[in-house]
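**Student:** build me a model:
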Amino acid sequence: MNEIKRTTLKLGDKMIEIKIEKPKMIRFIDSHYNELFLLQDGGQIRTIYPDREEVIRTCKYIDETHFRDHAGIYHICQFAELMEKLGCRIEAIEND
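**Tutor:** A predicted model of the protein is given here:
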């Protein structure tokens with residue numbers, strides 16, 4: 001769920017309420033729950049396999065501990081364990 005912050009501003013003699021929604025963030029961890037990085041909903045990661053093959057994944061937020069990509073739905077620790085088992089490295093792709 002997106003975190004919603006409400007702020008009230010005074011504009012002249014009127015009070016205006018502004019709603020600011022923080023983006024959903026997917027947490028990527030290792031199998032010991034150490035945080036590697038955060039990725040905004042809809043962001044991409046690069047998976048680098050031991051043979052140097054690279055796969056780009058677009059990740060969609062489901063909830064605080066789950067996300068989905070083209071291959072399925074993952075719990076964040078399940079994904080971490082799978083990547084470690086396969087000997088893969090993952091990194092966020094920065095979109096400026």
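
**Student:** so residue 29 sits against residue 39, correct?
**Tutor:** No: judged on Cβ atoms under 8 Å, residue 29 makes no contact with residue 39 at a distance of 11.6 Å. Every residue, glycine included, has its C-beta placed from N, CA and C.

**Student:** tell me which of these two has more neighbours.
**Tutor:** residue 39 (21 against 15; other Cβ atoms under 10 Å).

**Student:** nearest residue to that one in space, please, no chain neighbours.
**Tutor:** residue 26 (4.6 Å; Cβ to Cβ, 6 or more residues apart in numbering).

**Student:** residue 87 now?
**Tutor:** residue 50 (4.3 Å).

**Student:** tell me the spacing between the one you found and residue 89.
**Tutor:** Per Cβ to Cβ, to the nearest Å, residue 50 is found 9 Å from residue 89.

**Student:** show me which of those two is the more surrounded one.
**Tutor:** The residue with more neighbours, out of residue 50 and residue 89, is residue 89; 14 against 9, by other Cβ under 10 Å.

**Student:** how about residue 47, what does it touch?
**Tutor:** Residues near residue 47 by Cβ atoms under 8 Å, 6 or more residues apart in numbering: 54, 55, 56, 57, 83, 88, 89, 90.

**Student:** let me see the contact set for the fourth one.
**Tutor:** By Cβ under 8 Å, 6+ apart, residue 57 lies in contact with 44, 45, 46, 47, 69, 70, 71.

**Student:** ok, it to residue 20 distance?
**Tutor:** From residue 57 to residue 20 the distance is 29 Å (Cβ to Cβ).

**Student:** picking that back up, secondary structure class for the residue nearest to residue 39?
**Tutor:** strand (DSSP: H, G, I helix; E, B strand; the rest coil).
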